[in-house]
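**Q** Generate coordinates for the sequence data below:
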Amino acid sequence: MKKQLLLLLSVFSIASIINDANAQTIPNNSFETWNLLPTFEHPVVTPAPLFMSTNPEGFYEFGMLTVTKVPGVSGFGMRVETKLKPNGDTLAGIAAWGNVNGGSFNQGIPLPGNQPLTGATLDLKYDLTATTPGFIAFIPTNNGNPAGAGNGIFPGAYLYQLSGLQSSFTATTYTFSPALTINPDSCTVIIAAADMLNELGTPGDFIEVDNINWTGTTDVFPNGTFDVWQSIPAIDVPSPWRVDLKGNPGYTFAKSIDAFNGMYSLSLRTIGNSPNANIGQATLGYYNCPTNNGPCSQVPGMQLNSTPNSFGFYYKYTTPGVDTASAGVTLTKVGVGQVGGSWSYLLPSSNWTFRSMMLNSFQVPDSAFISFESGRWQTSVDGSELKIDDVKFHFCNETTPVVGPTSVCVNSNGVQFSINQEFASNLSWSTSLGTINGSTTNPTVTIDNITGATTVTVVKSYTDGCPDKTFNLNVTTTAAASAVAGLNQSVCSADSLVVLNGSVTGATGGVWSTSSTTGGFNNPNLLNATYIPSSADVTSGSVVLTLTPTGTGGCAVTTSDLTVTINQSPVVTLSLGTNDTVCDTDASFVLTGGLPAGGDYTGSNVNVSDEFNPSTGVGTYAVYLYLYSCKYLSSECY
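**A** Numbering: from 1, shown residues only. Sure, this is the predicted structure:
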C-alpha cells in the first residue's frame, strides 16, 4: 500500500513545453529568451502551508485546470476534477495542503494549539465512477511523525473513498478511527477525483468541497470556506527548454542574472533532501512515460543535420553537502532510436567553468535530447544549485574568431589577442611580425614590437576527432601623429589678440592649450584659433601655446609649442621745450624731451633727424613717439 500511495503522490510531475526546433544551433542556448506564462487561481491559505494541485501540470502543458472556484454552500467552494488530456491520457484532479512529494507529510496545515484532533467535517458534492473512486485523506503528524495509526491504507493516513453521485452539498463528518495516539502539530490533507491507488481515473469525475472544519480542537482550518482566492505568481520559462512547472513545494528553476554570456543563465536548484528531494531538471526534449508503468522514452528536442563531435557548456555548481550535478546528451535516429551520446557528473565550481563531453555515435544521428540536473537522486542536498549558460555542440567546421584589435599604433607593445579554448586540447600562437611575450599555448597572448602590419595566427588541436584548425587575424598599423604650432610671436601688451595658424599630420584635428591659467582661446579646437592674453600674461611677459593632434586613434602624438612674447607698452609723454606755440616762420628745431627716452619721433613735418619744421603753414600737427616698436599718440603741436 505504501508503494501505491507514493505512486499517487507522483502525479505532480513535470509539465512540458514541446520543442520542434530544427537547427544545428541549440535553441535558446544562452537562455536569453524567456516567456512569461499566464497565471491561474488557487484558494488562499493563511497561515501559508503548501497548497499543491495538478493545475500547473494541466494548465501549462494543456491549458486546462483541474482545481477551480465554483459556487459553494454560501460564497465559493472548490472543485477537483479529472480531465482528458489532448493526447488521450487522463489527468487526475488532485488538491493537497502540505508537501506530499515523495511521501513527505510534515508540512501540512499547522495545528498550533497542539490539542486533540478527532476528525473533520465538510460539505461534499461529487460525481465519481464506481470503478475509479476518488478519496479524501488526512495525515496528522507530530514533529514529522504519524500522530495515529491510520485506517490501514498507509501508516498514519486516514483515507476515505468516495464514489457514486451526490448532486448537492451534504454535510459529512469523518472521525479518525482508530483515534490519534498523540496530539498533532500538523495535518496534511489530500483530495483526489480519481482512484490513484490503482492509477485509474475517469474524465469528468469531480469532487466539490466547502466549509472544512476540524473536530476535537479549537484550531481553525485556514480558508475552509474557500471564499478567498488569489492568482499564483506568473513565472518565466526558458522556451523551448522543458522545466519542472509543478512548483511544489517551490519551483526548481529560475532566470538568473549571473550569466557567462549575455544577460541571463538558467538556474536549477534542489529542494529537499534525498530520497524525497525535488531535483532541478531542464531538458531539451521530454520523457514519454506510458500509463502502464512501462519504461519512459526520450523524445528529442532538436534536429541535427550532421554529427556533432562534442557537447559543451559553461556552468557553476554549489552544494551545501556532498552532491554532484549532471549533464547528458542522447543522439537519436528515426527508426533506430539511440545511436550515441554521453553523460557526465558535474563537480562543484564557484566560477564559470567550461565543460565538454565527447560524443560517440555508431550511426549518423538526426536529432538530440539534452538534459541537466542539479543533483543525484541518491545524494540530493537541499539548496544545491546548478547554473547553465552558452550550451553548444562542436562540429569540425568551427569558425571561432581571434579576438583582438585589427589596427594598432606603430611600434606598439603589450597588445592582447585571445581565442576561446572551448573543445581545444592545445593552442599554438604565432605572429608574422612582432614578439609573443610569454607562453604561446595560453588562450590569451601579448605581442610586443609591432612595427608594421602583421598576421596573428593560432592553431587549435582537438581530441574529439576533428583535425587541427588554423585561425588568423590581420592587423594593420597606424603612424604617430605630429603638430606644427608655427613661429614664435611678439606682441605689445595693448594688443588684445594673438592670431594662430597651426597644422597637423596623421590626425583629424588639433587642440590648443596654454601655460597660462587665465588666458584663453576663442575656440581651442581650431587650428587658426585666436588667443586672448590675460593681464597675468602681460605681467609675466610671455606665454607658451601648445598644439596637440587629435583623432589619432589612440596612437602616440608629437606636440608643438610656440612662445608669445608680450612687450610692455610704455606710457609716453612728449615735450617740445619751453615754447607752447611754434610759428610757421620759425626755424626747424629738434624734438626732445620725450619720455621714456630712446624712441623715434614721427608725424607731420617731422624728418628723420627728429626735427619739426613748421614752415608748411598754420595748423595743428600730430607728433608720435615710437618706443620698442609700439606706437602711441603722445601730444599735439600748435
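
**Q** tally of neighbours for P320?
**A** The tally of other residues near P320 (other CB atoms under 10 Å) stands at 11. C-betas here are computed from N, CA, C, even on glycine.

**Q** pretty sure P238 is touching K255, no?
**A** Yes: contact between P238 and K255 holds when scored by CB atoms under 8 Å: they sit 7.2 Å apart.

**Q** and for the two, which residues touch both?
**A** Taking CB atoms under 8 Å, 6 or more residues apart in numbering as the contact rule, the neighbours common to P238 and K255 are F31, W34, L266.

**Q** Make CSV from the residues you listed and add distance to P401 to it.
**A** Output for the shared contacts of P238 and K255, formatted as CSV (distance: CB to CB, whole Å):
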residue, distance to P401
F31, 23
W34, 28
L266, 26
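
**Q** what's the closest of the residues you listed to S540?
**A** Closest to S540 out of these is F31 (65.7 Å), distances taken as CB to CB.

**Q** okay, now that closest one: neighbour count?
**A** By the measure other CB under 10 Å, the count of residues near F31 is 24.

**Q** backbone phi and psi for S540, please?
**A** With angles defined as degrees, to the nearest 10, S540 shows backbone torsions of phi -70, psi -20.

**Q** any idea of the mean pLDDT for stretch 357-375?
**A** Stretch 357-375 carries an average pLDDT of 96.

**Q** Compute the first-to-last residue distance for that stretch.
**A** End-to-end span of stretch 357-375 (CA to CA, to the nearest Å): 18 Å.

**Q** Using neighbour counts, pick out the buried residues of it.
**A** Across stretch 357-375, burial judged by 16 or more other CB atoms under 10 Å covers 357-359, 361, 365-375.

**Q** Closest to V458 out of these?
**A** Each of the buried residues of stretch 357-375 was scored against V458 by CB to CB, and M358 proved nearest at 21.9 Å.

**Q** Find the residue closest to the closest one in space, skipping its chain neighbours.
**A** The spatial neighbour of M358 that comes closest, neighbours along the chain excluded (CB to CB, 6 or more residues apart in numbering), is D464 at 4.7 Å.

**Q** follow-up on the earlier one: in terms of distance to G506, which of the shared contacts of P238 and K255 ranks first?
**A** Within the set of those, F31 lies nearest G506; the separation is 46.6 Å, counting by CB to CB.

**Q** contacting residues around the one residue sitting closest to the centre of the chain?
**A** With distances taken as CA atoms, centre = their mean, the residue of the chain nearest its centroid is M263 (2.2 Å). Shown in contact with M263 (CB under 8 Å, 6+ apart): E32, I257.

**Q** Is it in a helix, a strand, or coil?
**A** M263 falls in the coil class when you classify it by DSSP: H, G, I helix; E, B strand; the rest coil.

**Q** separation between it and E422?
**A** Distance, M263 to E422, by CB to CB, to the nearest Å: 20 Å.

**Q** Likewise for I153?
**A** Applying CB to CB to I153 and E422 gives a distance of 55 Å.

**Q** Check Y251 too.
**A** With distances defined as CB to CB, the gap from Y251 to E422 amounts to 30 Å.

**Q** what does Y264 give?
**A** Computed with CB to CB, the distance linking Y264 and E422 is 20 Å.

**Q** T141 now?
**A** Shown here: T141 relative to E422, a distance of 51 Å by CB to CB.

**Q** more crowded one of the two?
**A** With other CB under 10 Å as the criterion, T141 and E422 differ in neighbour count, and T141 comes out ahead with 23 against 19.

**Q** Could you pull out the buried residues of stretch 471-482?
**A** Neighbour-count burial for stretch 471-482 [16+ other CB under 10 Å]: F471, L473, V475, T477, T478, A480, A481, S482.

**Q** Okay, and which of those map to strands?
**A** Residues from the buried residues of stretch 471-482 lying in strands, with DSSP state E as the criterion: F471, L473, V475, T477, T478, A481, S482.

**Q** Lowest-confidence one in those?
**A** Ranking these by pLDDT, T478 lands last with 84.

**Q** Isn't it up against V408?
**A** Yes: taking contacts as CB under 8 Å, T478 lies within contact range of V408: 7.2 Å.

**Q** between these two, what contacts are shared?
**A** The contact lists of T478 and V408 share no entry, where a contact means CB under 8 Å, 6+ apart.

**Q** Report the beta-bridge partners for W343.
**A** G328 (DSSP bridges).

**Q** What's the local residue count around the residue lying closest to F31 once chain neighbours are set aside?
**A** Setting aside the residues directly before and after it, F31 is nearest to L266 in space (CB to CB, 6+ apart), at 4.5 Å. If you count neighbours by other CB under 10 Å, L266 ends up with 25.

**Q** Okay, and L266 sits in which element?
**A** strand 265-269 (DSSP states H and E).

**Q** need the next SSE after that strand, C-terminal direction.
**A** Toward the C-terminus from strand 265-269 - assigned by DSSP H and E - lies strand 281-288.

**Q** got the buried residues for that following strand?
**A** Along strand 281-288, these residues count as buried under the neighbour rule (16+ other CB under 10 Å): Q281, A282, T283, L284, G285, Y286, Y287.
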